[in-house]
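K.L.:
No sequence on hand, only this structure:
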């Protein structure tokens, strides 16, 4: 699992510490806690987190995602809210949010969703079908499909899909009419982008992504 700096933002000290405990148990992420929600954007600009988990209690007027996107464009915002219907989802996505989760989810489920969002590039929104530009479906050997991670080239996504169908490097090379050394180069890049070192780790990640996605969606 790749190193991630996480800014955890909430007025509720109890919720933040509960989340912190689970995050430290499940991940090696660096965690910064912030209870002064009105200073969230300024803090994000200062520390440059990879992910911002922003729990909104009741008042969403201070949820300034437009300013966050403008001043800290690389951060991945994930909003936790009691009623996601309070937000206009199309505008929510336009301003760069990658997920909106109901606060009834348990901390472990929230972390599963955040891993999907940050590492696999899968958006998580309740009762909303997100735009899938920049993603692809990867075929699985059992006939199922899972959205692939962002950041891969078209050729890398093609090779990853074939790998998930249990083709060897030589078979992939023959299917694509390229040298096996070319396939190995692409696989090296795929592993690097996914934070993995071996084929088995990549395959396990793809399947775990699909299982986690099903689990999260069943609770949204």
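P.N.:
Nice, thanks for sending it over. In this text the structure is predicted, and so the values were computed from the model without any measurement. Numbers count the residues shown, from 1 in each chain.

K.L.:
so where's the chain shaky on pLDDT?
P.N.:
Across the chain, the ranges flagged by pLDDT under 70 are 1-2, 58-62, 84-92, 94, 120, 126-151, 204, 207-220.

K.L.:
One more pass at 80, please.
P.N.:
Low-confidence segments of the chain, defined by pLDDT under 80: 1-3, 36-38, 57-64, 82-97, 118-152, 154, 164-166, 194-220.

K.L.:
which residues of it fall in helices?
P.N.:
Remark: helices assigned in the chain by DSSP state H are 13-26, 40-47, 65-71, 89-94, 107-118, 154-164, 169-176, 180-194, 199-219.

K.L.:
closest one to residue 80 among those?
P.N.:
helix 107-118 (6.8 Å; C-beta to C-beta). C-beta: built from backbone N, CA, C; applies to glycine.

K.L.:
how far out from the middle of the chain is the closest one?
P.N.:
Helix 107-118 sits 7 Å away from the centroid of its parent chain (C-alpha atoms, centre = their mean, to the nearest Å).

K.L.:
Same check on stretch 14-28?
P.N.:
In terms of C-alpha atoms, centre = their mean, the centre of stretch 14-28 is found 17 Å from the chain centre.

K.L.:
residues of it that come out buried?
P.N.:
By neighbour count on 16 or more other C-beta atoms under 10 Å, the buried set for stretch 14-28 is 15-16, 19, 23, 27.

K.L.:
try stretch 157-171
P.N.:
Neighbour counts using 16+ other C-beta under 10 Å place 157-165, 167, 169 of stretch 157-171 among the buried residues.

K.L.:
nearest to residue 6, of the buried residues of stretch 14-28?
P.N.:
Among the buried residues of stretch 14-28, and counting by C-beta to C-beta, the member closest to residue 6 is residue 23, at 6.9 Å.

K.L.:
ok, now which ones touch the most centrally placed residue in the chain?
P.N.:
Most central in the chain under C-alpha atoms, centre = their mean is residue 117, positioned 1.3 Å from the mean C-alpha point. By C-beta atoms under 8 Å, 6 or more residues apart in numbering, the residues touching residue 117 are 51, 76, 78, 98-99, 123-124.

K.L.:
ditto for residue 18
P.N.:
Residues near residue 18 by C-beta under 8 Å, 6+ apart: residue 107.

K.L.:
From residue 106, how far out is it?
P.N.:
Distance from residue 18 to residue 106, counting by C-beta to C-beta, to the nearest Å: 10 Å.

K.L.:
What of residue 168?
P.N.:
Per C-beta to C-beta, residue 168 is found 40 Å from residue 106.

K.L.:
Quick check: end-to-end length of stretch 162-177?
P.N.:
One end of stretch 162-177 to the other measures 13 Å (C-alpha to C-alpha, to the nearest Å).

K.L.:
Closest one to residue 43 out of the buried residues of stretch 14-28, please.
P.N.:
residue 16 (13.8 Å).
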